[in-house]
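Asks: Pasting the sequence and the predicted model now:
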Amino acid sequence: MDRRRMSALAHAHHPIAAPLADASVARLLDRSVVRGDERALDLGCGQAEWLLRVLERHPRTLAEGVDTDGAALDRVRDEAARRGVADRLALHHMPAAEFTSARSFDVVLSVGATHAYGGLRQTLAAAREHLAPGGRVLVGEAFWEQEPDAAVRAELDGPCVWDDLPGTVDLVAADGWTPVYAHTSTPEEWGDYEWSWTGSLARWALDHPDDPDAADALKAAEEHRTAWLRGYRGVLGFVTLVLRRADT
């Protein structure tokens, strides 16, 4: 099954593709969009739910999103039109690392997408290139709540090397950023996210038994659920930080 189609189906009931409740998302946006007329950029926007919520909450904001998934961006355009914010949203179909703009942005977001740059430090370097003076970066990154065993590390290790929470914050500070707010995802948020991910995918498969991808989707849901329940539950954490440059 195509990975992008799988992700779209799995996030059908949890459009924020990270373990964050709606109230947590609202608080983070309130700490990031402080004037109400900012220009916001999401590097690796996916379904662009963060940007859509910014535009809904702040009628004077403008937003741009960058992602490699053209089908997802098409869905974003439809959703933006439905919510009445399409005239303030620009979308770019390309790798986030290749995006350039002649204009800077007051808020730069990258939540759960640091793999697009190869890690947190590289993502912050990219954000710095797009950030206006005095602007804020909203970045979400995984970290180890506990030292993982070899099987979990082998399962989850990818292009990003994760640290524990103190080490993650130390990296941010050493790179010249000051956290002005943060939210650490709770076990309840993780549970809602994982049950939504696996449940949405499984429900789709059961509702569409004749689809060629149905069996793969059901298998993926089962494997993901097992990996969470028997592997990284309580071991993998997620922190979303609102950052400012220490020199601005």
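Replies: On my side now, so go ahead.
Asks: tell me which residues in the lowest-mean-pLDDT helix or strand in the chain are buried?
Replies: The helix or strand of the chain with the poorest confidence is helix 150-156; it has a mean of 84 (mean pLDDT, DSSP states H and E). Judged by neighbour count (16 or more other CB atoms under 10 Å), helix 150-156 contains these buried residues: 152, 156. C-betas here are computed from N, CA, C, even on glycine.
Asks: Find out how far that helix is from the centre of the chain, if you would.
Replies: Distance of helix 150-156 from the chain centroid (CA atoms, centre = their mean, to the nearest Å) equals 22 Å.
Asks: ok, residues contacting that helix?
Replies: 148, 227, 231, 232, 235, 236 (CB atoms under 8 Å, 6 or more residues apart in numbering).
Asks: tally of neighbours for the nearest residue to residue 146 once chain neighbours are set aside?
Replies: Of all residues not flanking residue 146 in the chain, residue 235 sits nearest, at 4.9 Å (CB to CB, 6 or more residues apart in numbering). Applying other CB atoms under 10 Å, we find 16 residues neighbouring residue 235.
Asks: which residues in the protein form helices?
Replies: For the chain, the helices defined by DSSP state H cover 3-10, 22-32, 49-57, 70-83, 120-130, 150-156, 165-174, 187-207, 214-227.
Asks: tell me the angle the fourth one makes with helix 3-10.
Replies: It refers to helix 70-83. Relative orientation of helix 70-83 versus helix 3-10 (axes from the mean of the first three to the mean of the last three CA atoms, to 10 degrees): 30 degrees.
Asks: Just the C-alpha atoms of helix 70-83, please, in PDB.
Replies: In PDB, the C-alpha atoms belonging to helix 70-83 read as follows (Å, rounded to 0.1, in the frame of the first residue of the first chain):
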ATOM      1  CA  GLY A  70       0.700  16.400  -4.200                       C
ATOM      2  CA  ALA A  71      -2.400  14.500  -3.400                       C
ATOM      3  CA  ALA A  72      -2.400  15.800   0.200                       C
ATOM      4  CA  LEU A  73      -2.000  19.300  -1.100                       C
ATOM      5  CA  ASP A  74      -5.000  18.800  -3.300                       C
ATOM      6  CA  ARG A  75      -7.000  17.800  -0.300                       C
ATOM      7  CA  VAL A  76      -5.700  20.800   1.600                       C
ATOM      8  CA  ARG A  77      -6.900  23.100  -1.200                       C
ATOM      9  CA  ASP A  78     -10.400  21.600  -1.000                       C
ATOM     10  CA  GLU A  79     -10.400  21.900   2.800                       C
ATOM     11  CA  ALA A  80      -9.200  25.500   2.700                       C
ATOM     12  CA  ALA A  81     -12.000  26.400   0.300                       C
ATOM     13  CA  ARG A  82     -14.500  24.700   2.500                       C
ATOM     14  CA  ARG A  83     -13.300  26.600   5.600                       C
END
